[in-house]
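In: this one's sequence-less:
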């Protein structure tokens, strides 16, 4: 073999070795990808789907169908029409020709209602909306097991549209946990579970569209979570859940003229209310004794406030804690016990959540000067004072 032939043979061997190594490397990479499973986007989608399924499986057993019955008793018309209804002679005359009215009670008409609720305690406490059970003469709960049980209204709070019902629960009853709604961020996933139009255990998915929605006109104290998860009649009282399976809100209302605009009461507001309803059957709130109005940019400038954050005192009720502390109309409350006041709704919530009997400090701007006043929180009256 000549030197040139030998070099050619060596070159061919090297080329074949490289080709073989290439095939081997490709097989190794292919097997490695197969061992890792599907591609990253597909794996993410599978994980998200698994999270939704897991939440539904955990929370649905705690969601109940709330059925109500209201007995309507129409006014019984007199047998004798007109001004002679109480005259014995005319009564006897009409009875002879038209027959006597029986002595029994008037006819009763039963009106049924439908909503949702969620079991929040092993003792059988169910959370729902006040408007779901308002005026009900009887409440029936249909559990996820299809079992129907009688419910008893423990307490109601019309000002937040919340109510608590209790039933005789089995020891292994499924309970949903209330989460921390203060940590919600716009864009997070939201899962609504309920019984829209009587379709039991329905699950819909959306996102948190907004937080701290007020001026909706649903309740006295409003701090709603807005979501585009599908909410329909019958969803009221059902839970709004995050991907950890925690109840972050109680579905309450929708905007009838729009689509994908629903509102839920935040879980942290629910916690403050439900504990009092279970313990006392009613809610006691703090009161400082002022009527407030929004602070606009123009009004802030005229009152000497630095910006439009705060609440304007429109009226001070005589004999109230605010009156005793020396607050006057056109004062701008900018902080409550060290917490900056965002707007007048925020001030209402802060004062309502304050402990009755506690002394708090309010930072106030009066004609451009900032001052602090102390006042003692009183219990809010059942009916607002006359304006």
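Out: Alright, I've got the coordinates. This is a predicted model, so every value here is computed, not measured.
In: before we move on, what SS does residue 250 have?
Out: Of the three states, residue 250 takes strand under DSSP: H, G, I helix; E, B strand; the rest coil.
In: Was I right to think it contacts residue 117?
Out: No: between residue 250 and residue 117 no contact is recorded; they are 9.0 Å apart, counting by C-beta atoms under 8 Å. C-beta: built from backbone N, CA, C; applies to glycine.
In: where do the contact lists of these two overlap?
Out: 127, 128, 237, 238 (C-beta atoms under 8 Å, 6 or more residues apart in numbering).
In: Most neighbours among those residues, please name it.
Out: residue 238 (34 neighbours; other C-beta atoms under 10 Å).
In: Phi and psi next, for the nearest residue to it once chain neighbours are set aside.
Out: The spatially closest residue to residue 238, leaving aside those adjacent along the chain, is residue 194, at 2.9 Å (C-beta to C-beta, 6 or more residues apart in numbering). The phi and psi values for residue 194, taken as degrees, to the nearest 10, are phi -180, psi -160.
In: In this structure residue 194 contacts residue 240, no?
Out: No: Residue 194 is not in contact with residue 240 according to C-beta under 8 Å; the separation is 9.5 Å.
In: Domain-wise, how is this protein divided?
Out: 181-280, 286-379 (automatic domain parsing).
In: dump the residue contacts of residue 269.
Out: Residues near residue 269 by C-beta under 8 Å, 6+ apart: 160, 181, 221, 223.
In: Let me know whether the second one touches residue 268 as I believe.
Out: Yes: under the criterion of C-beta under 8 Å, residue 181 lies in contact with residue 268, with a separation of 4.8 Å.
In: Looking at the two, which is more packed in?
Out: residue 181 (24 against 18).
In: List the contacts of the most centrally placed residue in the chain.
Out: Per C-alpha atoms, centre = their mean, the C-alpha nearest to the average position across the chain is that of residue 265, at 2.1 Å. Neighbouring residues of residue 265 by C-beta under 8 Å, 6+ apart: 160, 161, 162, 223, 224, 225, 249, 250, 252.
In: That one pairs with what?
Out: For residue 265, the beta-bridge partners under DSSP bridges are residue 250.
In: ok, now how distant is it from residue 255?
Out: Distance from residue 265 to residue 255, counting by C-beta to C-beta, to the nearest Å: 16 Å.
In: Check residue 131 too.
Out: 16 Å.
In: Counting neighbours around each, name which of these two comes out higher.
Out: With neighbours defined as other C-beta under 10 Å, residue 131 and residue 255 compare such that residue 131 has more, 20 against 13.
In: Quick check: phi and psi at that one.
Out: Torsion angles at residue 131 (phi, psi; degrees, to the nearest 10) stand at phi -70, psi -20.
In: about what we covered before: just the contacts of residue 265 now: which is nearest residue 123?
Out: The closest of those to residue 123 turns out to be residue 162 (C-beta to C-beta; 17.7 Å).
In: in terms of contact, does that closest one touch residue 273 like I think?
Out: Yes: using C-beta under 8 Å, residue 162 is in contact with residue 273, at 5.2 Å.
In: sorry, back to before: which of the domains of the chain has the highest mean neighbour count?
Out: Mean neighbour count (mean count of other C-beta atoms under 10 Å) peaks for domain 181-280 among these, with a mean of 20.
In: Run through the stretch 151-300 of the chain and note the low-pLDDT ranges.
Out: Filtered on pLDDT under 70, the stretch 151-300 of the chain yields no residues whatsoever.
In: which ones are touching residue 295?
Out: Residues in contact with residue 295, defined by C-beta under 8 Å, 6+ apart, are 303, 305, 308, 309, 310, 311, 312, 332, 343, 344.
In: and with 7 Å instead?
Out: Taking C-beta atoms under 7 Å, 6 or more residues apart in numbering as the criterion, residue 295 is in contact with 305, 308, 310, 311, 312, 332.
In: again with residue 322
Out: Residue 322 neighbours (C-beta under 7 Å, 6+ apart): 288, 289, 290, 316, 375.
In: Wasn't it part of a helix?
Out: Yes: assessed by three-state DSSP, residue 322 belongs to a helix.
In: Just confirm residue 282 contacts residue 153, I think it does.
Out: No: counting by C-beta atoms under 7 Å, residue 153 is not a contact partner of residue 282; they are 11.9 Å apart.
In: Specify which residue of those two has the higher count of neighbours.
Out: residue 153 (18 against 12).
In: hang on, the earlier thing: report the two of the contacts of residue 269 separated the most.
Out: 181 and 221 (14.2 Å).
In: How about residue 241, nearest residue that isn't a chain neighbour?
Out: residue 191 (4.5 Å).
In: Tell me which helix or strand that neighbour sits in.
Out: Using DSSP states H and E, residue 191 sits in strand 189-194.
In: which residues touch that strand?
Out: For strand 189-194, the external contacting residues (C-beta under 7 Å, 6+ apart) are 52, 55, 59-60, 63, 116, 202-208, 227, 229-231, 234-235, 238-243, 251.
In: Do you know the pLDDT at residue 108?
Out: pLDDT for residue 108: 59.
In: one step back: tell me the one among the contacts of residue 265 nearest to residue 369.
Out: Comparing these against residue 369 with C-beta to C-beta places residue 223 closest, at 31.0 Å.
In: where in the stretch 1-150 of the chain is pLDDT low?
Out: Low-confidence segments of the stretch 1-150 of the chain (pLDDT under 70): 1-39, 73-111.
In: where's the residue nearest to the centre of the chain relative to residue 274, distance?
Out: According to C-beta to C-beta, residue 265 and residue 274 sit 10 Å apart.
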